[in-house]
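Visitor: Prediction below, plus the sequence it came from.
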Amino acid sequence: MTVRRSAAALAATAAVLCAAAAPAAVAAPSPSPSAALPSGLYGTKDPTYDGVWRQSLAFLAQRAVGVTPAAKAVDWLTGQQCDSGVFPAYRADASAPCTDKTMADTNATAAAAQALRDVGGHQDAVANAVSWLKSVQNEDGGWGYTAGSPSDANSTSLVIGALARAGAKLGDVTTDGGRTPYAALLTFAIPCGGKDGGAFAYQPDKAGKLAANADATAAGVLGALGKGLVVGNNAAVKDPTCHKGSASGPEQAAQNGASYLATTLAESGHLDSAPMPGAQDSAPQPDFGNTADAVVALSASGHKDKAAASVTWLEKNSADWAKENGPAAYAQLILAAHATGTDVHDFGGADLVAQLNATGPEPAAVKKPQATATEDEERKDSGDGDGIGGLWWFVGIGLAVGAGVGFLISGRRKNQQL
């Protein structure tokens with residue numbers, strides 16, 4: 001998901017890397033910033049590399065807080081799907097058929113499948129997306145960023161989430177050699193006991209070594225738990241512990257990853273972005289998106305208390321980042337707030353839902369937030385200040401007595417008619 005979050009900066013690099021390792025059907029489309037954007041699309045930046053991604057995240061965040069997207073926004077997303085079931089990152093001309101040069105994007109497909117499942121009414125589109133994802137499963141049981149590219153922790157976790165949300169039994173999603181998605185995901189987990197133990201790596205390096213990656217760890221925790229991108233407000237459980245040695249299964253790997261995230265976030269309240277290629281010596285910068293994802297992962301694994309300081313940090317510091325990055329950024333913040341029971345309508349003084357909605361077409365329906373009663377209102381509701389039980393207490397008694405009399409009269413009439 002790092003590629004998605006830094007689409008403008010990393011897209012070209014990602015396309016080159018994927019093209020070197022994958023079949024011909026992964027060529028990235030050429031950016032077209034001058035072209036008019038579709039009216040149903042969220043955001044105003046060039047969607048070449050993240051159109052489907054940001055639209056899907058917007059829908060997931062909206063549905064999590066009771067917002068129904070506009071029909072034309074949903075139509076735009078469904079129109080991006082190819083006949084094969086895959087969702088490319090973006091198709092400027094959705095009327096033209098997909099070809100073998102259309103970028104076969106597992107991340108966009110997994111996100112779109114989850115989004116359309118939550119929007120509802122698009123079972124065929126979801127089923128086709130799931131069918132395509134299963135058809136491009138790698139021999140190790142996982143998935144890469146594009147069809148046929150080497151498996152990575154982020155893509156594998158995203159696909160696991162999509163399959164789980166669609167109702168698939170992950171143990172039955174196997175390769176010819178019997179490998180499941182979890183088998184692939186566990187290969188990216190760093191054993192506990194040493195430096196960065198418990199973390200997930202994005203991919204092994206050329207020598208086969210694993211390097212901790214916070215973004216991959218946040219994704220890996222969700223994947224190991226079989227969770228999608230939307231996580232409910234879970235009750236906190238005991239502190240996460242990294243059990244020494246390799247994880248015995250996905251649940252333990254998830255807890256190991258949660259332990260790594262909790263320890264890393266405890267230092268400053270946020271995660272730092274990985275250095276850009278060629279800039280390894282530059283000072284680390286706060287990574288707002290990855291921090292929000294880590295909050296979701298901690299809540300999913302039962303440790304939202306360990307994410308409280310990070311939520312507070314995001315409330316204080318993320319406004320400019322979200323404004324600059326648009327719908328996907330607002331969606332990530334909403335999902336983090338939703339996962340921890342934080343008020344999405346007063347997130348550091350901002351209404352995240354209103355801000356997200358403003359980046360796209362007007363929603364079909366918006367659930368109004370519940371107003372918080374003031375102290376005066378609570379006293380009146382409890383009867384304080386209005387005598388014995390308050391004025392409305394007497395009104396209520398009167399209504400109840402009247403209802404009782406009416407009931408008796410009605411019963412008598414029925415008896416007379418018998």
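Guide: Here it is on my side, so go on.
Visitor: which element is the nearest residue to residue 348 once chain neighbours are set aside on?
Guide: When the adjacent residues along the chain are set aside, residue 348 lies closest to residue 315, with 3.4 Å between them (C-beta to C-beta, 6 or more residues apart in numbering). Using the backbone N, CA and C atoms, a C-beta is placed for each residue, glycine as well. Assigned by DSSP states H and E, residue 315 falls within helix 308-317.
Visitor: Mind checking what helix or strand follows that helix in sequence?
Guide: Following helix 308-317 in sequence, per DSSP H and E, is helix 319-325.
Visitor: So for the helix or strand where residue 353 lies, what gets flagged as buried?
Guide: Under the criterion of DSSP H and E, residue 353 resides in helix 352-357. Buried residues in helix 352-357, counted by 16 or more other C-beta atoms under 10 Å: 352, 353, 355, 356, 357.
Visitor: where in this protein is pLDDT low?
Guide: 1-35, 245, 247, 275-282, 370-418 (pLDDT under 70).
Visitor: what do you get if the cut-off is 80, keeping everything else the same?
Guide: Within the chain, the ranges that satisfy pLDDT under 80 run 1-35, 235-236, 238, 244-248, 274-283, 369-418.
Visitor: Grab the most central residue of it for me.
Guide: Of all residues in the chain, the one closest to the mean position by C-alpha atoms, centre = their mean is residue 229, 3.0 Å from it.
Visitor: Is it correct that that one is in contact with residue 107?
Guide: No. Applying C-beta atoms under 8 Å as the test, residue 229 and residue 107 come out as separate, 11.1 Å apart.
Visitor: Residues that sit against both of those two, list them.
Guide: Counting by C-beta atoms under 8 Å, 6 or more residues apart in numbering, the contacts common to residue 229 and residue 107 are residue 158.
Visitor: could you pull out the strands for the chain?
Guide: Applying DSSP state E to the chain gives strands spanning 67-68, 271-272, 286-287, 365-366.
Visitor: about what we covered before: residues in contact with the residue nearest to the centre of the chain?
Guide: 57, 60, 111, 114, 158, 161, 222, 296, 335.
Visitor: Which of the residues you listed ranks first by neighbour count?
Guide: residue 111 (31 neighbours; other C-beta atoms under 10 Å).
Visitor: Touching, it and residue 51? I think so.
Guide: No. Between residue 111 and residue 51 there is no contact under C-beta under 8 Å: 11.2 Å.
Visitor: who's in contact with residue 304?
Guide: Counted by C-beta under 8 Å, 6+ apart, residue 304 has contacts 233, 234, 236, 295, 298, 339, 340, 341.
Visitor: neighbours of the residue nearest to the fifth one when sequence neighbours are not counted, just the number please.
Guide: Leaving out its chain neighbours, the residue that sits closest to residue 298 by C-beta to C-beta, 6+ apart is residue 307, at 4.2 Å. By the other C-beta under 10 Å criterion, the neighbourhood of residue 307 contains 29 residues.
Visitor: Buried deepest among the strands of the chain, which one?
Guide: strand 271-272 (a mean of 20; mean count of other C-beta atoms under 10 Å).
Visitor: Parallel or antiparallel, list what pairs with it.
Guide: Its sheet considered, strand 271-272 pairs with strand 286-287 (antiparallel) by DSSP bridges.
Visitor: the helices in the stretch 301-418 of the chain, which residues?
Guide: 308-317, 319-325, 327-340, 352-357, 375-382, 391-417 (DSSP state H, counting those that start in this stretch).
Visitor: helices and strands around the third one, which ones?
Guide: What it means is helix 327-340. Judged by 3 or more C-beta pairs under 8 Å, 6 or more residues apart in numbering; DSSP states H and E, the packing partners of helix 327-340 are helix 51-64, helix 288-300, helix 308-317, helix 319-325, helix 352-357.
Visitor: tell me the angle that helix makes with helix 308-317.
Guide: Interaxial angle, helix 327-340 versus helix 308-317 (axes from the mean of the first three to the mean of the last three C-alpha atoms, to 10 degrees): 140 degrees.
Visitor: With just CA atoms, put helix 327-340 into PDB.
Guide: Written as PDB, here are the backbone C-alpha positions of helix 327-340 (Å, rounded to 0.1, in the frame of the first residue of the first chain):
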ATOM      1  CA  PRO A 327     -10.100  11.300  -0.800                       C
ATOM      2  CA  ALA A 328      -7.900   8.300   0.000                       C
ATOM      3  CA  ALA A 329      -6.300  10.300   2.900                       C
ATOM      4  CA  TYR A 330      -9.600  11.300   4.400                       C
ATOM      5  CA  ALA A 331     -10.800   7.700   4.000                       C
ATOM      6  CA  GLN A 332      -7.700   6.400   5.900                       C
ATOM      7  CA  LEU A 333      -8.300   8.800   8.800                       C
ATOM      8  CA  ILE A 334     -12.000   7.900   8.900                       C
ATOM      9  CA  LEU A 335     -11.200   4.200   9.000                       C
ATOM     10  CA  ALA A 336      -8.700   4.800  11.800                       C
ATOM     11  CA  ALA A 337     -11.200   6.800  13.800                       C
ATOM     12  CA  HIS A 338     -14.000   4.300  13.100                       C
ATOM     13  CA  ALA A 339     -11.700   1.400  14.300                       C
ATOM     14  CA  THR A 340     -11.100   3.100  17.600                       C
END
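Visitor: on that earlier part again, now the buried residues of helix 352-357 as TSV including distance to residue 251?
Guide: Formatted as TSV, the buried residues of helix 352-357 follow (distance: C-beta to C-beta, whole Å):
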residue	distance to residue 251
352	31
353	33
355	36
356	33
357	37
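Visitor: Please name the nearest non-neighbouring residue to residue 79.
Guide: Using C-beta to C-beta, 6+ apart, the closest residue to residue 79 is residue 94 (4.3 Å).
Visitor: The one you found - how many residues pack around it?
Guide: Neighbours of residue 94 using other C-beta under 10 Å come to 17.
Visitor: Residue 78 is in contact with that one, correct?
Guide: No. Contact criterion C-beta under 8 Å: residue 94 and residue 78 do not qualify, at 9.4 Å.
Visitor: shared neighbours, the two?
Guide: With C-beta under 8 Å, 6+ apart applied, the contact sets of residue 94 and residue 78 do not overlap.
Visitor: And residue 269, how far from residue 347?
Guide: 15 Å (C-beta to C-beta, to the nearest Å).
Visitor: How many neighbouring residues does the residue nearest to residue 244 when sequence neighbours are not counted have?
Guide: Closest residue to residue 244 apart from its sequence neighbours, by C-beta to C-beta, 6+ apart: residue 193 at 4.2 Å. Residue 193: 12 surrounding residues under other C-beta under 10 Å.
Visitor: Next, give phi and psi for residue 193.
Guide: The phi and psi values for residue 193, taken as degrees, to the nearest 10, are phi 110, psi -20.
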